[in-house]
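>>> the following comprises the amino acid sequence and a computationally predicted model.
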Amino acid sequence: MSDDSDDPVMALLATQRAVLAAVENLAGQVETMQGKVDAMGKTLAQLVAGTAGASGAGVGRVLTLGDRFRQATDKEAAADPELRAAQGNYMVAQAIAKGLNKGDPDGTARDAARAREWIADQLDRGRVFEPGKVRDSEKGAVAVVEPIHEEMFPGRVRAQRPDRER
């Protein structure tokens, strides 16, 4: 019998068998990993669905008044009888935010967004808003700061109270 270890054809066949075994091994590892990825995807989908349900944004759930306010455009909120007063106060809050952040549009946007979320939270808690007030002056229409705006912008604005002495 001759020794096959020096035969190049036999060496090539042995190398091919080793490569094939390695590929089969990798294919098995890929299948295992794919199973884990699929399981993680299902778990993630359940977590997301659970979070959506817990936050109240689940499918088939009735929207709260605050949710409706968050989702509505300014025009839609102004046209909705249940959101109209809240929208009026939001418009006043936007004017206040602009006054507090002169020359800082990012600050104005942040304060207005916080006010919008604050109003939505208040709606979810059952708060009923009075219409926002605007007063005419020689400079044009001016938003009237009320106690509710002190709540929206704590420590930054003061309500105009007629009983205060100047």
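Okay, I see it. Numbers count the residues shown, from 1 in each chain.
>>> shaky segments in this protein?
Judged against pLDDT under 70, the low-scoring parts of the chain cover residues 1-5, 48-60, 141-143, 161-166.
>>> what segments of it are strands?
Shown for the chain, the strands assigned by DSSP state E span residues 134-137, 140-143.
>>> what's the neighbour count on the nearest residue to Lys133 once chain neighbours are set aside?
On the basis of Cβ to Cβ, 6 or more residues apart in numbering, the spatially nearest residue to Lys133 that is not a chain neighbour turns out to be Val144, at 4.0 Å. The way it works is simple: take the backbone N, C-alpha and C, and place the C-beta from them, glycine included. As a burial measure, the neighbour count of Val144 was computed by other Cβ atoms under 10 Å and equals 14.
>>> pretty sure Val144 is touching Val134, no?
Yes - under the criterion of Cβ atoms under 8 Å, Val144 lies in contact with Val134, with a separation of 6.5 Å.
>>> find residues that contact each of the two.
Val92 (Cβ atoms under 8 Å, 6 or more residues apart in numbering).
>>> the longest helix in this structure is where?
Of all segments of type helix in the chain, defined using DSSP state H, the longest is helix 8-55.
>>> and the gap between the residue positioned nearest the centre of the chain and Gly126?
Centroid-nearest residue in the chain, with Cα atoms, centre = their mean: Arg70, separated by 10.4 Å. Distance of Arg70 to Gly126, given as Cβ to Cβ, to the nearest Å: 16 Å.
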